[in-house]
Every structure is written in C-alpha cells, then in structure tokens.
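> I would like the atomic coordinates for the input below:
(2 chains, ligands or ions: 1)
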Amino acid sequence: MTESSEEPGCDSLVPQTTRVPLPPGLRSRVALGLTAAAARGRFELQVCRECGAVQYPPREACHRCLSVLLDWKLQDGGGELISETMLYHSHAEFFREHLPLRLGMVRLDSGPTAIVYLHRKVPPAPARVKVDTRLDKGGHAVLVAVPGDTTKMADTDMADNGLLQW
Amino acid sequence: MTTSRRQGYEDIVVTVPVTVPYVRRSNHGAHWFVARALAGLLEAGGLAKSALDGLCLSSFTLAPDTAVGVTQHLGLSLRWLDHIPMGGAGAIVGLRRALRAVQSGDATVVACVGADTNQADTFRTTLGSFSQFAQDAVYPYGAGGPNASFAFLTAYYMRTFGARREDFGKLCVAQRDNALAFPLALFKKPLTLQEYLDARPVAEPLHLFDCVMPCAGAEAFLVMRRERAQDLGLPFATVLGTIERHNSFPDDPIQTRGGWVLDRDELFAQAGVRHADIDLLQTYDDYPVISVMQMEDLGFCAKGEGPDFVRSHTFTADGDFPVNTSGGQLSVGQAGAAGGYLGMTEALRQITGSPLGAAVPDARIALVSGFGMINYDRGLCCGAAILAGRNA
Ligand SMILES: [Zn+2]
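Purely as a prediction, here's the structure:
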C-alpha cells in the first residue's frame, strides 16, 4: 500500500479495511465446547457418562463404549510431556511472524494425548506439565502446557509473543 | 490376535505400471492426471477404453468430485468403482479391493490409480480440512501440517531408541543415490550426509531433507486375470500375500509402531516366503522415521533395533537391502495420493525386469508397504503386499 501525502479527500471517509491475519478459525461444532469453557476460564473435556472415559479431541461419541452421552467436565490438566518440536515453518499466514513455535505432545493423566503450545519454561521431554486452555487471537480455545509445578497460571507469560489472548 | 485363513490370489495378476511424470506445480485439475494415467494404462496394456470395467481411485484434490464424478468426466462406463481415501495406504488397499473384485468376477479389468494435482494453494487448503480432529486439534497449533506431526514421532523415536540424525540421513542419502538413476525423480542433484545434516530446520528434529516435496503427478497399474495378461502379452506380477489394518494401537500414547506388527506373520504365511526371500522393500517414506518403523514392524528387525539395522545395511539398488529403489517420495516427490502408489509401480517394474532406473540384481520378490492418514496424532492406515515377478 502506498501512502498519500494529498489532503484528505472523500476517499478518506471510507474506513480502511486492513486485513489482520488470524489463527485458523475453523472448528467443528462439537469442538466449540472447549472454547465455551475456555471463555469462562475453565479447562473442560468431554467425559463419558456411561464409562467415564475422557475424550480428546472433542467428538460425537465415546471412543471406548460408543455412548453418545458426553458431558463437558473440569479437568486438572496434569500430564506428561512425551514429545516436542520447534516449528520453523507454517502453512498459515498468521503464524509466520510468530515462528519458531514450541509445540508439545502431552499424555494427559486422564488418558488422551493432546497437542499443545509449550511454555518455554517447560523442560525437555519427558517432563511433568499442567495443561490449560487459553483463547487464541481468533477467540478460539487452544491448549497450553506450563511446568507441572506451576501453581498460578496467570503468572506465566505466554502472551508476550502476541500469539494468545492472555 | 484374531487370525483367519486368507484366500490366495492365484490367478489374478498385477500389470502395466504407469507413472504420469511429476511436476512441482500444475494448473491442471486432478482429473487431468487421472486421465493421463488411464490413457497410459490403456496404451501400454493394449486395451480399448471399453475394456476397462473397474476403477479404484485415490486422490486428495478431486473435490468437489469423488471417483463417481470422474466416471462422467472421463466418459467411463464401469460396473465396479471404488474410492480409497487412505493416502499412503491407497495402493495397497486399492490392490486388495481390485484383486477380490476380479477374482469374484465382479470386474475383469480394474485400473488402480493414485493421482493428484498441486496448484498454488492445494497443499495448504488440503491441510486445513484434512480431518475433523486435525482441523480442531492440530492445525490451530502453528499449522505445521505433517511436518509437525512427524517431528513429534521422530523426536520420541530418537529419544526412546537412540536413533541419530545420521541414521535417518543415511536412508535419505541412499534414496537420493537411487533417484539419480531414476529419470522421473524431481531431485536430480546428489545429496551428501553433510548437506543433510547442515540443512535448515523445518520442525525440529526434522530438517529440510527429511521432508518430501509436494508435487503433481499420478501412478497406476492394472489388475486382471492371468490369462488376460498372457493374451495381451503383458509382463505381470502375482500377489503372494496382502494385509491392511486401521487404527491399530489406539492406547499407545504416541505412535512407535503400526498395524503391520499385528499382521506380518499372516502376511508371510500367506505368501509362503521368509524375510530372507525379499529382494527389495518399498516403504512409505514421507519421513525417514516411518521407513525405519516399517522395517521393524514388518519384522526385518526387532522394535528399537531400527537404528542398528540402518547402520549395518546399505539401501541403494545394488546394496544388501534395497529400499525405495526409485528414490522414494523423499527424492522423487510426493504427488499426493500417488505417493502411496510410488513403491508399487517401482516394485512391479523391478520384479518384471523393466526398471526405469537402477535395477536390483535378480529381483524376484518385493514387499511393498503403505502407511497413511495422520488423522490426528498418528498414521491410521497400514498395509503391505508381497509380490512375485514372473520368474519367481
Ligand atoms: Zn464410554
């Protein structure tokens, strides 16, 4: 875009629409349950009413018993970081200015494996972590992992890179 | 483990391996590549278009079409049609479907085709909507695509089993050596281990030469009765055994093994051969770690012995354990679903005495392995086939 030194004319009354890249915002309807809870500051996953199995990623039926009675329930987020990567290449425009990104694969104590944003203070895998939700810049829930002995999530500083709403 | 007595494929054969040459990008739609593959099959097979009565298709870029739309688009009237959306397992699963279709008499000549285009935006748009779990729980985390997924698996494998980057590098370098003799490979420059090690990181521990280059192209073959192939004067391979398995170890926290582990004994029993009889192995090699996993899980070495196996063997066409003798996807390119077919067409050429590149000496029996679909955190589809050339 070129800047004009001309005196403002009629065109300046038309609001400039600058397209701000956002993180990928497509989610299935059932996955929005994660965001609904995250908006209230809670990390919730679906739990099977029949067999108690915890589900992730969000889904329509229990992976263990096929029950469709899944309730969103608060999670303590404890887990083990089992693998990690430092990502240097992204297919989405939004992430390009945030690279490299540290990502982790966490085995939650409750069962499922989750892919998460990894706080820089988390030691290399294997390590104890605590998983929680945050809203990303597009307003969708993402999972983050901080060191397992973190007591106050608000003290962590993952927002400093502009990736998440913190 | 559930075992079953698997019926053989005695009188059914695989013939006419066709490759539609790969290009880095194409403005053509996927249908163009399917058409080129089918035309290649008919021409090399000496068949009229009307002789084709079955089609088994794998493609990621046909949308909004499926194989159904392709029949009208290309004017095919068929009595048997299948669409196999299983990525790197597409050729194995397609072969299995086609074999039974011809064996049962539901079809007489089945074309198995893996074809994809690669337009400017193809790869990115395919990724974002690859699966519901990927869309909801992977893509929003940096949108790294398969690089990120395989980085997790590779890092875990290295930590757990002591693999080093040099081990994966050895495979990549050997495949590049193979590719230098393969006229259709997109990569035509030699690769040294030092260049492999010095490459820029993509998703640690993966660096540039651990990753395939997406491209456009197609691979295909025909399945028909033995007498038909003989009448047409076509060199053919017989199928000694096949397996497939999906979502095999759901309780493993992270993937270190695939479904081959559950079925390899049946595969070799059905085929009536031993590991020592295999003259060449074609793995699904979108990343080197998964090639090593296939060597282990198919039983060429034990789980965790992959790194030592790599260190003690040579993988070039003239080596003591020829693997991905065309160069594999890592050096030929990954033409979408055609990537799952690359090892099949290469194996067919080797064991029928018509390799396009370096020949494996006295190649008679090939094992082709397929692996596909990182639906979320792991590849879900595994398959393998043992094929024998005419003189086997
Ligand atoms: Zn249940």
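
> C-alpha from now on. contacts and neighbour counts both.
OK.

> what does the stretch 1-150 of chain B put close to chain A?
For the stretch 1-150 of chain B, the contact set with chain A under C-alpha under 8 Å from any C-alpha of the partner chain comprises B:124, B:128, B:132-133, B:135-145, B:148.

> helices - which of these land there?
Members of those lying in helices (criterion: DSSP state H): B:124, B:128, B:132-133, B:135-137, B:148.

> what's opposite the most centrally placed residue in chain A in the beta bridge?
The structure's chain A has its C-alpha centroid closest to residue A:142; by C-alpha atoms, centre = their mean the separation is 1.2 Å. The partner list for residue A:142 in beta bridges (DSSP bridges) reads residue A:134.

> what about the strands in the stretch 201-350 of chain B?
B:201-203, B:206-207, B:216-225, B:236-246, B:280-282 (DSSP state E, counting those that start in this stretch).

> just send these back as TSV, with mean neighbour count, mean pLDDT and distance to chain A too.
Shown next, in TSV, are those (neighbours: other C-alpha atoms under 10 Å in any protein chain shown; pLDDT from 0 to 100; distance: least, C-alpha to the nearest C-alpha, whole Å):
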stretch	mean neighbour count	mean pLDDT	distance to chain A
strand B:201-203	23	98	4
strand B:206-207	24	98	9
strand B:216-225	28	98	18
strand B:236-246	24	98	15
strand B:280-282	26	98	28
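
> tell me, how many residues neighbour the residue in the stretch 1-150 of chain B that the ion sits nearest to?
Proximity of the stretch 1-150 of chain B to the ion (C-alpha to the ion) peaks at residue B:133, 18.6 Å away. Neighbourhood size, residue B:133 [other C-alpha atoms under 10 Å in any protein chain shown]: 21.

> so it versus residue B:199, what's the distance?
31 Å (C-alpha to C-alpha, to the nearest Å).

> cool, and residue A:57?
Counting by C-alpha to C-alpha, the gap from residue A:57 to residue B:199 is 34 Å.

> now swap in residue A:75 and tell me
Taking C-alpha to C-alpha, one finds residue A:75 at 41 Å from residue B:199.

> which parts of chain B are helices?
B:30-45, B:67-73, B:90-104, B:122-128, B:132-137, B:146-161, B:165-180, B:193-198, B:226-232, B:260-271, B:288-297, B:306-311, B:328-332, B:339-351.

> returning to what we had before: for the ones in helices among the residues of the stretch 1-150 of chain B next to chain A, pick the one with the most neighbours.
Counting by other C-alpha under 10 Å, top hit in those: residue B:148 with 30 neighbours.

> doesn't residue B:205 make contact with that one?
No - under the criterion of C-alpha atoms under 8 Å, residue B:148 makes no contact with residue B:205, lying 9.7 Å away.

> any idea how far the residue nearest to residue B:374 when sequence neighbours are not counted lies from residue B:372?
Spatial nearest neighbour of residue B:374, excluding adjacent residues (C-alpha to C-alpha, 6 or more residues apart in numbering or on different chains): residue B:380 at 6.4 Å. Distance, residue B:380 to residue B:372, using C-alpha to C-alpha: 6 Å.

> ok, residue B:176 next?
From residue B:176 to residue B:372 the distance is 22 Å (C-alpha to C-alpha).

> burial of residue B:98, as a residue count?
30.

> for it, give me its contacts.
By C-alpha atoms under 8 Å, 6 or more residues apart in numbering or on different chains, the residues touching residue B:98 are B:54, B:56, B:110, B:112, B:223.

> residue B:312 versus residue B:306, what's the distance?
10 Å.

> on that earlier part again, looking at it, the residue of the stretch 1-150 of chain B closest to the ion is touching residue A:57, isn't it?
Yes - between residue B:133 and residue A:57 there is a contact at 6.1 Å, judged by C-alpha under 8 Å.
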